[in-house]
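> Turn this into a model:
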Amino acid sequence: MRCRKRLETGVMIPSRDRVVMRSRRNRYVTITIVMVGLAIFLSASVLGQIQVQVVAVGKTPLKRNSDDARLVKVDKNGKIEIPLVEVDEQVSKYLEQAREMIQKKDYASAIEILQALLNCPKQCYVATSDGHRFVSIAYKAMEIISTLPADAMALYRRLYDPTAKRMFNLAAERLDESILRDITVRYLYTSYGDDALNLLGAILFDRGEFTQAAECWQRVLRLRRKGSRIEKDKLNEAVLLSKIAVASYLAGDTDTAEKVLKLLRRQFSDARAKLAGKEQNVFEYT
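Below is the predicted model of the structure:
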């Protein structure tokens, strides 16, 4: 039998078998083309459902998708929407209710709403007042709690200090980072929020995460300066500044370290505290 083609292996293929193989190959090519065409069709169909005709001028525009209440971004061609974060407009109404109740001095009801939002396991996002950014609902709830009048803040702590205390004691016993982070979100403005941040900073520092440690201690400092824990005196502020300076230096942020050291020398040059097991001058120790 005469052969028309030889494979690289040297095996001879009869011409009739070659015709069969060609037929099969053509059939596979046809199937492949059909599958690719179907995929393109489906992709076009899906993209067509989320396509918007917005021209980006100066900046990438943001758009709300009414079906799933998600924030979306238009790409450089002004056509494809990219889901970014989930936005819940109903939650914004709860925030407004809380604000109205605070104005009416119905602090208990306002606090109940705000804490419920903090305890919500699924965090969504709401627009800022200027509408240019979206922040988590927990952030907005904490922001409102931070502005509570003194008597309302006292009520808040009476209600939630017991829970925060139990969580903090457990976290301190186990050095549990997840519990500490939970406190800094759900119970930041209780009497144990700054303690949780302080301990979290120490854990991160020991692990060599100096930037995050410095950020924790800076947050503690801001909380205490706002009067979160008035009974924690200036001595503690000096120690905090010392820790921030050291952590910032080790993180490579020498600018922040130098600024904090200057502040420490200017305000607390004579402050003494128990450091490394003995009483020392805080500035000189730093």
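
> Would you map the helices across the stretch 101-250 of the chain?
For the stretch 101-250 of the chain, the helices defined by DSSP state H, counting those that start in this stretch occupy 107-119, 137-146, 150-174, 177-186, 193-206, 210-225, 234-250.

> As JSON lines, those with mean pLDDT and mean neighbour count would be great.
For glycine as for every other residue, the C-beta is placed from the backbone atoms N, C-alpha and C. Below are the helices of the stretch 101-250 of the chain laid out as JSON lines (pLDDT from 0 to 100; neighbours: other Cβ atoms under 10 Å):
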{"stretch": "helix 107-119", "mean pLDDT": "96", "mean neighbour count": "18"}
{"stretch": "helix 137-146", "mean pLDDT": "94", "mean neighbour count": "19"}
{"stretch": "helix 150-174", "mean pLDDT": "97", "mean neighbour count": "15"}
{"stretch": "helix 177-186", "mean pLDDT": "97", "mean neighbour count": "18"}
{"stretch": "helix 193-206", "mean pLDDT": "97", "mean neighbour count": "21"}
{"stretch": "helix 210-225", "mean pLDDT": "94", "mean neighbour count": "20"}
{"stretch": "helix 234-250", "mean pLDDT": "91", "mean neighbour count": "21"}
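
> closest to residue 94 out of those?
Closest to residue 94 of those, according to Cβ to Cβ: helix 107-119, at 5.6 Å.

> Contacts for the closest one, please.
Helix 107-119 is touched from outside by 91, 94-95, 97-99, 101-102, 137-138, 140-142, 144-145, 148-149, 151-152, 155-156, 159-160, 185-187, with contacts defined as Cβ atoms under 8 Å, 6 or more residues apart in numbering.

> any idea how far residue 223 is from residue 214?
15 Å (Cβ to Cβ, to the nearest Å).

> picking that back up, could you export the helices of the stretch 101-250 of the chain as a markdown table, including distance to residue 258?
Below are those laid out as a markdown table (distance: least, Cβ to Cβ, whole Å):
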| stretch | distance to residue 258 |
| --- | --- |
| helix 107-119 | 37 |
| helix 137-146 | 29 |
| helix 150-174 | 33 |
| helix 177-186 | 28 |
| helix 193-206 | 19 |
| helix 210-225 | 13 |
| helix 234-250 | 8 |
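
> among the ones you listed, which is nearest residue 256?
Between the helices of the stretch 101-250 of the chain, helix 234-250 lies closest to residue 256; by Cβ to Cβ that is 4.2 Å.

> helices or strands up against the closest one?
If you count contacts as 3 or more Cβ pairs under 8 Å, 6 or more residues apart in numbering; DSSP states H and E, helix 234-250 packs onto helix 193-206, helix 210-225, helix 254-268, strand 272-275, helix 282-285.

> can you list the domains in this protein?
1-49, 52-86, 87-148 (automatic domain parsing).

> Isn't residue 210 up against residue 245?
No - Residue 210 lies out of contact with residue 245 (Cβ atoms under 8 Å); the separation is 11.2 Å.

> Please tell me how far residue 277 sits from residue 285.
To residue 285, residue 277 is 12 Å away according to Cβ to Cβ.

> Those two: which is more packed in?
residue 285 (14 against 6; other Cβ atoms under 10 Å).

> List the residues that contact the more buried one.
By Cβ under 8 Å, 6+ apart, the neighbours of residue 285 are 242, 275, 276.

> and with 6 Å instead?
residue 275 (Cβ atoms under 6 Å, 6 or more residues apart in numbering).

> got it, and residue 272?
Here residue 272 is in contact with 279, 281 (Cβ under 6 Å, 6+ apart).

> So in terms of bridging, what pairs with it?
Judged by DSSP bridges, the bridge partners of residue 272 are residue 281.

> Mind pulling the model confidence for it?
Note on residue 272: pLDDT of 85.

> Please apply the same query to residue 88.
For residue 88, the pLDDT comes out at 67.
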